[in-house]
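Asker: Based on what follows, work out the 3D shape:
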Amino acid sequence: MPTPQKHTNNLIKESSPYLLQHAHNPVNWEGWNDEVLKQAKEEQKLILISIGYAACHWCHVMEHECFEDEEVAETMNAHFINIKVDREERPDIDHIYMDALQMMTGSGGWPLNILALPDGRPFWGATFVKKQEWIQVLNQLQQLYVNDPNKIIGYAENMATGLKEINTIATGENQDLIQDSEIHAMVADWSKYFDTFLGGYKRAPKFMMPTNLNFLQYYSHANQDNAVNEYVNTTLTRMAWGGIFDHVGGGFSRYSVDTKWHVPHFEKMLYDNGLLISLYANAYAATKNELYKRVVEKSIIFLEEELLDKSNGFYSSLDADSLTNDNKLVEGAFYVWQEEQLKKLLKDDYPIFSEYFSINSYGYWEEENYVLIRDSEALAIAMNHSITKVELHQIISKCLSLLKVDRAKRNKPRLDDKILTSWNGLTLKGLTDAYRYLKNEKYLNLAIHNANFILEHMTTKDGGLYRNFKNGKSTIPGFLEDYASVIDGLLGLYEVSFDEKWLNHSLELTKYAIENFSDSDTGLFFFTSNNDNDLIRRTLEVSDNVIPSSNSMMAHNLHKLSKYFPEDNFDVRLHQMMKSMKPSITQNPQNHANWLHLAQLMSENFYEMVVIGENFELICKSLLKNYMPNAIFAASNAKTSNLPLLMNRYVMNKTLIYVCNHGSCQMPVEEPSKALDLVTTII
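Answerer: This next block holds a predicted model:
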């Protein structure tokens, strides 16, 4: 065995929980910074870039197998500048090297390990690698760099060219906007992949795709498409029934490893839960399904109990792994149950509980462990036990409370307590949707406190945004996704509070993004600011995944803001973006669902609902509970307002509702039901 060498691991100076997890490795880790990149160029050393995140199970496994090992560290320290990156803090770096890995191997994932030239251009990549293979490949590539550097340089040059080419968006000046008929054809083709029995797609693993489902929910509603509507509700129900939803403590895990949403990859991410709260709140508005309401309620309880900082920002995630009673770090240990445990805890209620949550072959996972999952309607189980549905829910609620108390005695999963601006923006939007449709004042208060936190702690002196917040400090400039999600959240907050300061902040942040992130050729926005240090590519993020792309969120924001502030000509920019994106959307709608959602909204009537007068709050509550994604709302009791939609519309002793379409308004009415009738009759 090699003699353990002295090492300098500078991650102890970082604030990211993921980087700090690696701060005591024998590897000479550095964070990503200008000094280290300069050092690589000066010493002409290859850069080893390892990217992951705190809740990543396989990142922990590779750390244990490789980065904690002295023999591995000796190889890494001898030949490479070793840089650790938290992908959640630095998605700009992750985008580029993930694209590189997918170009090299056809697949991706984390940990993401890249070897690059001293200037950062990549030439080799892999995800999880075992110890001996890792040492072998590092030595081989280092020898190749010494003996035949031109071979590696040539490959890296081709890779850098390819990375820029795959991120090029052709301008679409001569394109028409996407038409209804094209959307119908895309959805029909897309539907071939639907799993109509278990929801999601016909494959495993299964990821919850809230952006896709949100579009399909609206598409089915707008077009009275019963088949798509049934698919969406099947998916939402199966996800809510599945083990991917934490029935005991609320909140969703990141994805399930099987086809029935049963066994999750147990980490819980803020972004998933923010997006899913929004999705289920909207679905509740559209269907009045009580299951969806309960999912929203329990998910917000999870956020409050596990991820809410005293400053009113939300933490990033809970780890997949937790310690067992014998102190072993095991994936899912905190969440699983054994049959004898349940019998002992639940006593006479166990037979009903076990049928409800499948303590049988359907709910069995491994090693005597069960992951709670439903597979039947509550009414059928109630009838089996000769009780009412209400009584059944009371019993299940009591059982889950007992389990929650018992589970609290276990070792909790590790917490990633950094606060990220974009994920807080997504959660802010989720809370505003939850308040809008469930009418729980607590959700509005949470949203207002969170928005105030973002504006107080995440805003730069020049009116921009920071990316991160930890230990009272923000250290990374914001990326486009930070602006896009916060603007969306603030717009949502305005539409449920009608406090114009939120609308004005959204306008200011939008103007900042236009000034600092714009790509003049396409009308799109770069992921990084003009002021950021150059990477090997300036990314245009346009594909919608679990999280909608930053550009599609910005396009939705511009669509709404063009209605609130028509004189700012946001619609001109929006049309340029949609024309540039049309080829990408039509070729691959599944990866552009948020764009497709906007195309649907732009192809049909979109309403401005304006309520003005003393009684505006009561009338707005009546209107807002309806599922109306094809409308924006403005309201006030002020006699004068600078907001264009409210100007010159106040009438003494009356509360009037104006229903407008592209700025053309019907005669005002005073009853919400009559306003809703106008929405359906305006052509």
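
Asker: Could you list the low-pLDDT ranges of the stretch 101-250 of the chain?
Answerer: Counting by pLDDT under 70, the stretch 101-250 of the chain has low-confidence residues at 171-174.

Asker: how about a cut-off of 50?
Answerer: Applying pLDDT under 50 to the stretch 101-250 of the chain flags no residue at all.

Asker: hey, where'd the helices end up in it?
Answerer: 131-147, 149-165, 180-190, 210-223, 226-241 (DSSP state H, counting those that start in this stretch).

Asker: count of residues packed around Glu391?
Answerer: Look at Glu391: counted by other C-beta atoms under 10 Å, it has 13 neighbours. For every residue, glycine as well, the C-beta is placed using N, CA and C.

Asker: OK, contacts around it?
Answerer: Ala382 (C-beta atoms under 8 Å, 6 or more residues apart in numbering).

Asker: Buried residues in the one helix or strand it maps to, which are they?
Answerer: Element membership for Glu391 (DSSP states H and E) is helix 389-407. Using 16 or more other C-beta atoms under 10 Å as the test for burial, helix 389-407 gives Leu392, His393, Ile395, Ile396, Cys399, Leu400, Leu402, Leu403, Arg407.

Asker: that older thread, how about the helices of the stretch 101-250 of the chain in a markdown table, adding mean neighbour count and distance to Cys660?
Answerer: Converted to a markdown table, these look like this (neighbours: other C-beta atoms under 10 Å; distance: least, C-beta to C-beta, whole Å):
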| stretch | mean neighbour count | distance to Cys660 |
| --- | --- | --- |
| helix 131-147 | 15 | 62 |
| helix 149-165 | 15 | 44 |
| helix 180-190 | 16 | 22 |
| helix 210-223 | 23 | 19 |
| helix 226-241 | 20 | 28 |
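
Asker: For Ile96, which of these is the nearest?
Answerer: Of all those, the one in closest proximity to Ile96, counting by C-beta to C-beta, is helix 149-165 (6.3 Å).

Asker: Surely Thr211 touches His556?
Answerer: No. Using C-beta atoms under 8 Å, Thr211 is not in contact with His556, being 10.9 Å away.

Asker: Identify the contacts common to those two.
Answerer: The contact sets of Thr211 and His556 overlap at Asn594, His597 (C-beta under 8 Å, 6+ apart).

Asker: Quick check: end-to-end length of stretch 214-232?
Answerer: End-to-end span of stretch 214-232 (C-alpha to C-alpha, to the nearest Å): 9 Å.

Asker: Ser50 belongs to a strand?
Answerer: Yes. Assigned with DSSP: H, G, I helix; E, B strand; the rest coil, Ser50 falls within a strand.

Asker: and it, how many neighbours does it have?
Answerer: By other C-beta under 10 Å, 23 other residues sit near Ser50.

Asker: Please report how far it lies from Met76.
Answerer: 9 Å (C-beta to C-beta, to the nearest Å).

Asker: and for the two, which residues touch both?
Answerer: Joint contacts of Ser50 and Met76 (C-beta under 8 Å, 6+ apart) are Asn82.

Asker: just checking, Ser622 touches Pro672?
Answerer: Yes. The criterion here is C-beta under 8 Å, and Ser622 meets it with Pro672 at 4.3 Å.

Asker: So if I had to pick from those two, which one is more boxed in?
Answerer: Neighbours per residue, other C-beta under 10 Å: of Ser622 and Pro672, the larger number sits with Pro672, 20 against 16.

Asker: correct me, but that one touches Ile657?
Answerer: Yes. With contact defined as C-beta under 8 Å, Pro672 reaches Ile657; the gap is 6.9 Å.

Asker: Show me whatever sits in contact with both of those two.
Answerer: Residues touching both Pro672 and Ile657 by C-beta under 8 Å, 6+ apart: Ile619, Leu623.

Asker: The closest residue to Ser603 other than its chain neighbours and His221, how far apart?
Answerer: Nearest residue to Ser603 in three dimensions, chain neighbours excluded: Asp180, at 5.1 Å (C-beta to C-beta, 6 or more residues apart in numbering). Asp180 sits 14 Å away from His221, going by C-beta to C-beta.
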